[in-house]
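S.K.: sequence plus the predicted model coming up.
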Amino acid sequence: MRDDSHRQAVEHSLRPRVEVAGEPAMQWDVFERMRRYRVPTMAVAVIEGGRVVWSATYGIDGSIRLPATKERFQAASLSKGVTGSLAAILAARRTIELDAPVDACLAPLTLPPGKQGAEHPVTLRNLLHQTSGATVNGFDGYAPGEPVPTPEQVVRGETPANSPAVVIATTPGSMYAYSGGGYTVAQIAMSHCAGASFTDLMRREVLMPAGMRDSTFAQPLPASILHASGHAADGKPVPGGANTYPELAAAGLWTTPHDLARWLIGVRDAEEGRPSFMPTGAARTMLTPGMTKYGLGVFVSGEGEHRRFMHSGGNLGFKSSYVMFLTSGNGVVVLTDGDNGSYLGGEFIKAVAAAYGWPDFAPRVATRATLDEKTMARYIGHYRFADADSRGNRDLSLIREGARWFLDLPDIGRAGLVPTSALAFVAPETGFAVTVDEDGSLRVGSRVARKTQD
C-alpha cells in the first residue's frame, strides 16, 4: 500500500479555497500549513478505485509516519454518517421503522410539545434527514471531571446537561435544519427499540462487521487506548486532552483514518451490490437524500462521475472531514487534532483532488478588481459577530497596511484579502466573501459583523 509519487505531490501542493485569475497559483507544503494553522497532528487515508492506496500521520514537527498510526481521533459529526448506516441496517431487518412515529421507541422519554402532531410526526427518517424540526445544532461536550448527563437528560436539557432542551420548533418534514439534538433523540430511539446500548449496537452491527477494529463510541475513551489530544485555535492543548460527548450518534465516534476509509469503501460496495457489512438496500436508503441533499447522516450530491457522499465535523480541539465518490471509488479521510483543522483539511483535500484528477474540489476562481479605497477606508476597524460554533460573540478586524488588506480573524489571525469589486473582497485562504452594508456592518461569508468602538 504505497503510492509515493502521488503522496509527495499532495504533500507539496496544498491549495487555497480561492485562486485569482491570471495570477500564479498558490501551493504550499503540508508542514507549512500545519504551522500556519497551529494543528499538531493530521492523519489521512487516500482511496483510489475502492481501496486505500496510502495513508500517513503528519506531525507539526515535520515527521511523517507511513502508514497512518492507530491513534484515535474524535470524529465529531462524522459520527452521524456511521449512525445513518446503523439505522439503515436496523431498518432493513425491521428492528426499527424509519417512517413510524418515534414516540414508541422513546418511552419513558417523551418529547415536549412542539410542532409535531398526528399528521406530521417525528420519525427516525426525518430525525436523520435533519427535517424533524428538532433544535440544538451542536454540543460543547464535558471536560474531564465534570458530571456527564445521560442522553435523556441532554434531550430534556436537565442538569448536568450544558445544552438547552431539544424541542420540535418547526413542522416535521417542512424544512431542513441541522440538529445534533435530533440525532440524540434518534440515538435513544434506536437503543430502546433494539434493546441494547448504542455503543454495543454500533460495535455489533457496524464497527466489527466493517472492520473498524480501532474505532469505538465509548465516551469517555478508556485511558489505555492510544488517542490524540485536542488543541484550541491558538495551539494550546484542550484541558485533559478531550471532552466527553454523551451525544454519541451526533458526535461520539473515536476512530482512525484507516477505519473510516473501510467504512466509506463498505458503504460504496454495498450500494453497488458487492459484499459488504451492510445490505445493498440499506446503503441505497442511506444514500437517498432528503432536503438539502442530506441522506441518513451524510451529504449526497452530484450526478455521474460527480456523485459523492461526504461530511465534516468538529468537536472541541478536533476537526475532520471525508469525501467518497460513488462512481470511481475515489475518496479521502482527514482527521486533525486542532480547532483550525478544517482549514488545513480543506487545503489537503484540494491537493488530493488535483493529484488524482478528481472532477471536483478545484479552488474557485476570482477576478481581481479595482477597489474603492476611499469608501472602503470607512470600514477599517473592529467588528463583533455571533458565532454559533463558539456559542458566543467573537471579534474580527478589517485592516489596511499600505496597499494590502487583511481580515484579522479570531481563529487563524490575519488572512489576506483580494478585491473582487469596488466594495468587496475574497479571502483566498478561507474562501470568505467580504462585503459591506450601508448600515456600517461587514458581511464575512454568512456572518454579519457589527462595528464596535475602536
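M.R.: That came through fine. Numbers count the residues shown, from 1 in each chain.
S.K.: so who does the residue nearest to Leu66 when sequence neighbours are not counted touch?
M.R.: Ranked by Cβ to Cβ, 6 or more residues apart in numbering and with sequence neighbours excluded, the top spatial neighbour of Leu66 is Ala56, at 5.4 Å. For glycine as for every other residue, the C-beta is placed from the backbone atoms N, C-alpha and C. Residues counted as contacts of Ala56 (Cβ atoms under 8 Å, 6 or more residues apart in numbering) are Arg7, Ala43, Val44, Ile64, Arg65, Leu66, Pro67, Ala68.
S.K.: identify the farthest-apart pair in these.
M.R.: By the measure Cβ to Cβ, Arg7 and Ala43 form the most distant pair in the contacts of Ala56, at 13.6 Å.
S.K.: which strand or helix spans the nearest residue to Lys80 once chain neighbours are set aside?
M.R.: In this structure, Lys80 finds its nearest non-sequential neighbour in Gly297, 3.8 Å apart by Cβ to Cβ, 6+ apart. Following DSSP states H and E, one finds Gly297 outside all helices and strands.
S.K.: surely Gly297 touches Leu128?
M.R.: Yes: taking contacts as Cβ atoms under 8 Å, Gly297 lies within contact range of Leu128: 6.1 Å.
S.K.: what touches both of those two?
M.R.: Listed as contacting both Gly297 and Leu128 by Cβ under 8 Å, 6+ apart are Lys80, Thr83, Gly84, Ala87, Tyr183.
S.K.: Ser320 in helix, strand or coil?
M.R.: Local secondary structure at Ser320 is given as strand here, using DSSP: H, G, I helix; E, B strand; the rest coil.
S.K.: gap between it and Leu409?
M.R.: Ser320 sits 21 Å away from Leu409, going by Cβ to Cβ, to the nearest Å.
S.K.: hang on, the earlier thing: let me have the shared contacts of Gly297 and Leu128 in CSV, adding neighbour count and distance to Asp140 as columns.
M.R.: Supplementary listing: the shared contacts of Gly297 and Leu128 in CSV, determined by neighbours: other Cβ atoms under 10 Å; distance: Cβ to Cβ, whole Å:
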residue, neighbour count, distance to Asp140
Lys80, 27, 17
Thr83, 28, 20
Gly84, 27, 23
Ala87, 26, 25
Tyr183, 29, 15
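S.K.: sorry, back to before: out of the contacts of Ala56, who has the most neighbours?
M.R.: Neighbours here mean other Cβ atoms under 10 Å. Within those, the largest count is held by Ala43, at 28 neighbours.
S.K.: residues touching it, list them.
M.R.: Taking Cβ under 8 Å, 6+ apart as the test, what Ala43 contacts is 55-58, 68-69, 71, 73, 228, 256-257, 334-336.
S.K.: then Thr292?
M.R.: Here Thr292 is in contact with Gln130, Tyr176 (Cβ under 8 Å, 6+ apart).
S.K.: let's see 10 Å
M.R.: His129, Gln130, Thr131, Met175, Tyr176, Ala177, Tyr178, Phe299, Ser301 (Cβ atoms under 10 Å, 6 or more residues apart in numbering).
S.K.: filter these down to the ones in strands?
M.R.: Secondary structure defined by DSSP state E assigns Phe299, Ser301 of these to strands.
S.K.: distance to Pro428, pLDDT and neighbour count added to the contacts of Thr292, as a markdown table?
M.R.: Formatted as a markdown table, the contacts of Thr292 follow (distance: Cβ to Cβ, whole Å; pLDDT from 0 to 100; neighbours: other Cβ atoms under 10 Å):
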| residue | distance to Pro428 | pLDDT | neighbour count |
| --- | --- | --- | --- |
| His129 | 34 | 98 | 24 |
| Gln130 | 31 | 98 | 24 |
| Thr131 | 35 | 98 | 24 |
| Met175 | 33 | 97 | 13 |
| Tyr176 | 30 | 97 | 15 |
| Ala177 | 31 | 96 | 17 |
| Tyr178 | 27 | 97 | 17 |
| Phe299 | 24 | 98 | 17 |
| Ser301 | 24 | 96 | 15 |
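S.K.: okay, the contacts of Thr292 in a markdown table with distance to Lys374 next?
M.R.: Shown next, in a markdown table, are those (distance: Cβ to Cβ, whole Å):
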| residue | distance to Lys374 |
| --- | --- |
| His129 | 49 |
| Gln130 | 45 |
| Thr131 | 48 |
| Met175 | 43 |
| Tyr176 | 42 |
| Ala177 | 42 |
| Tyr178 | 41 |
| Phe299 | 43 |
| Ser301 | 42 |
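S.K.: quick revisit: as a markdown table, the shared contacts of Gly297 and Leu128 with distance to Glu272 would be great.
M.R.: Output for the shared contacts of Gly297 and Leu128, formatted as a markdown table (distance: Cβ to Cβ, whole Å):
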| residue | distance to Glu272 |
| --- | --- |
| Lys80 | 23 |
| Thr83 | 22 |
| Gly84 | 18 |
| Ala87 | 20 |
| Tyr183 | 27 |
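S.K.: just the residues you listed now: which is nearest Gly346?
M.R.: Using Cβ to Cβ, the shared contacts of Gly297 and Leu128 come closest to Gly346 at Lys80, 19.2 Å.
S.K.: which SSE is the closest one in?
M.R.: Per DSSP H and E: helix 79-92 holds Lys80.
S.K.: so how far is that helix off the chain centroid?
M.R.: Helix 79-92 sits 17 Å away from the centroid of its parent chain (Cα atoms, centre = their mean, to the nearest Å).
S.K.: using CSV, write down the CA coordinates of it.
M.R.: Below are the C-alpha coordinates for helix 79-92, written out as CSV (Å, rounded to 0.1, in the frame of the first residue of the first chain):
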residue,chain,number,x,y,z
SER,A,79,-20.4,10.1,13.6
LYS,A,80,-23.7,11.0,12.0
GLY,A,81,-23.0,9.0,8.8
VAL,A,82,-22.0,5.9,10.8
THR,A,83,-25.2,6.4,12.8
GLY,A,84,-27.1,6.6,9.5
SER,A,85,-25.6,3.3,8.4
LEU,A,86,-26.7,1.7,11.7
ALA,A,87,-30.3,3.0,11.2
ALA,A,88,-30.4,1.7,7.6
ILE,A,89,-29.2,-1.8,8.7
LEU,A,90,-31.7,-2.0,11.6
ALA,A,91,-34.5,-0.8,9.3
ALA,A,92,-33.6,-3.5,6.7
